[in-house]
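> Have a look at this fold, sequence not included:
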């Protein structure tokens, strides 16, 4: 079985939009969002991933099938620039197979530097996933931080530039046997 993390190009925007609807449907139990009059949740930041620098969209395939996506962005604040996992989604069918952990680790490796991963206060499964994934990846070298305007947990950690991360080539593709 193979796992691929593929940078999304503009022609993939419709695919990503459709996957975002599934993600937001799953997420709606935690944030109480509703569909609009057309039956869609919508994602107002999607176009920004092709219009703004520092935003990166990835499609995730497992065994050749679409399995999810990840949206990574660079955020500048008073302290400096950090990477943020803006959105991360593995379809239910592919969960609990280690795919999410592998994808997260590949993305962390690909973007060395400071990371902050925000989680919604009500989304306890995501909190468990991110705490366990980041703890394993960093050997427990992370901290919880606070940010004005955010009510849920935020995990911050640093990834130093290393040879294995720098040797990776876009598109990110990883085979799992």
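Cool, got the structure. Because the structure is predicted, anything quoted here is derived from the model rather than measured.
> Flag every buried residue along stretch 75-82.
Residues of stretch 75-82 classed as buried: residue 82 (neighbour count, 16 or more other CB atoms under 10 Å). (C-beta placed from N, C-alpha, C; glycine too.)
> tell me how far it is from the chain's mean position?
Distance, stretch centre to chain centre, for stretch 75-82: 18 Å (CA atoms, centre = their mean, to the nearest Å).
> for stretch 10-18, same thing?
The chain centroid and the centroid of stretch 10-18 are separated by 16 Å, computed with CA atoms, centre = their mean.
> cool, stretch 99-114 as well?
Worked out by CA atoms, centre = their mean, stretch 99-114 lies 9 Å from the chain centre.
> If you average the pLDDT over it, what comes out?
Mean pLDDT, computed over stretch 99-114, is 95.
> ok, now stretch 16-29?
Summarised as a single mean, pLDDT over stretch 16-29 is 87.
> buried sites along that stretch?
Across stretch 16-29, burial judged by 16+ other CB under 10 Å covers 16, 19, 20, 23, 24, 27.
> Could you dump those into TSV with distance to residue 150 and secondary structure added?
Shown next, in TSV, are the buried residues of stretch 16-29 (distance: CB to CB, whole Å; DSSP: H, G, I helix; E, B strand; the rest coil):
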residue	distance to residue 150	secondary structure
16	24	helix
19	24	helix
20	21	helix
23	19	helix
24	19	helix
27	16	helix
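> just so I have it, where are all the helices in the protein?
Remark: helices assigned in the chain by DSSP state H are 13-31, 48-51, 99-110, 124-138, 163-166.
> so what strands line up beside the strand ranked longest in the chain?
With DSSP state E applied, the strand covering the greatest number of residues in the chain is identified as strand 65-76. Next to strand 65-76 in the sheet, as set by DSSP bridges, lie strand 55-62 (antiparallel), strand 81-90 (antiparallel).
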